[in-house]
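# What follows is a predicted protein model with its sequence.
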Amino acid sequence: MINLAKNKALFLDRDGVINFDHGYVSQIDQFEFIDGIFEICQAAQAKGYSLIIVTNQSGIGRGYFSQHDFDVLTEWMVDQFAANDVQINDIMFCPHHPEKAVNEYKTDCDCRKPKPGMILEAAQRQGINIAKSIMIGDKISDMKAADLAGVGTRILLDSHYSRGQDDLGLATHRIEALNEIFNLGVLN
């Protein structure tokens, strides 16, 4: 099926791309933005990209924090982006885990990355041409989800999760710092 949508998106993982991943970040005082994230989002927005966050949040399903905690932190994060002239167009999150979650959250869903469900749903909701879009993630699972969804440009930000690992050809670019994105020429 050919996607005739004209909109393109910059899909962003949260922990490890937008903020430092300190492990199950759920409170404002734990949230530390990664250098360059606002500038990248501003540049993408200026080039007509919608900004969509796609994030696994199994801490909800594991009982480490509540969805209310996630919602409060997310509202604060969106406000910080707005204060830096960046509009977040959509936020998709998956609270599930197939083994380590409890109750209704213990499920092998289609939304948890490396599955592409969040990307596909956001694209449908926002009228996104996935092939013309970009995904930035810090895990091989981000790259796999983006590849399965058909995201045209997949950028792996090296982190302690991916450093030294073969990305299996899933990433179209691999960078060590966010500001390297400007050298790739992909935000056009």
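Cool, the structure landed.
# Could you list every helix and strand that the one helix or strand F11 maps to packs against?
Per DSSP states H and E, F11 falls inside strand 8-12. Contact partners of strand 8-12 among helices and strands, from 3 or more CB pairs under 8 Å, 6 or more residues apart in numbering; DSSP states H and E: helix 37-46, strand 49-56, helix 117-126, strand 134-137. Any C-beta I mention is one placed from the backbone N, CA and C, and that applies to glycine too.
# which residues touch that strand?
For strand 8-12, contacts defined as CB atoms under 8 Å, 6 or more residues apart in numbering pick out 18, 40-41, 44, 48-54, 89, 119, 122-123, 126, 128-130, 132-137, 146, 151, 187.
# Need the winner for burial among the helices and strands packed on strand 8-12.
Stretch with highest mean neighbour count among those: strand 134-137 (a mean of 28; mean count of other CB atoms under 10 Å).
# Which positions within the longest helix along the chain qualify as buried?
Secondary structure of the chain per DSSP state H: the longest helix is helix 67-83. Buried positions in helix 67-83, judged by neighbour count with 16 or more other CB atoms under 10 Å: D69, F70, L73, T74, M77, Q80, F81.
# on that earlier part again, need the helices and strands packed on strand 8-12 in a markdown table with distance to C94, can you?
Below are the helices and strands packed on strand 8-12 laid out as a markdown table (distance: least, CB to CB, whole Å):
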| stretch | distance to C94 |
| --- | --- |
| helix 37-46 | 21 |
| strand 49-56 | 5 |
| helix 117-126 | 6 |
| strand 134-137 | 14 |
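# Would you tell me which of those gets closest to A177?
helix 37-46 (10.8 Å; CB to CB).
# and the closest one, what does it pack onto?
Helix 37-46 packs on strand 8-12, strand 49-56, helix 181-184, going by 3+ CB pairs under 8 Å, 6+ apart.
# Give me the helices and strands touching the shortest one, please.
Using 3+ CB pairs under 8 Å, 6+ apart as the contact criterion, the neighbours of helix 181-184 among helices and strands are helix 37-46, strand 173-175.
# closest one to I181 among these?
Short answer: helix 37-46, nearest of the helices and strands packed on helix 181-184 by CB to CB, at 5.6 Å.
# Now for the closest residue to N19 other than its chain neighbours, how many residues are close by?
Of all residues not flanking N19 in the chain, F31 sits nearest, at 5.2 Å (CB to CB, 6 or more residues apart in numbering). By other CB atoms under 10 Å, the residues close to F31 number 18.
# so who does F31 touch?
So F31 contacts N19, V25, L73, W76, M77 (CB under 8 Å, 6+ apart).
# Is I155 bridged to anything, and to what?
I155 forms beta bridges with I136, H173, as assigned by DSSP bridges.
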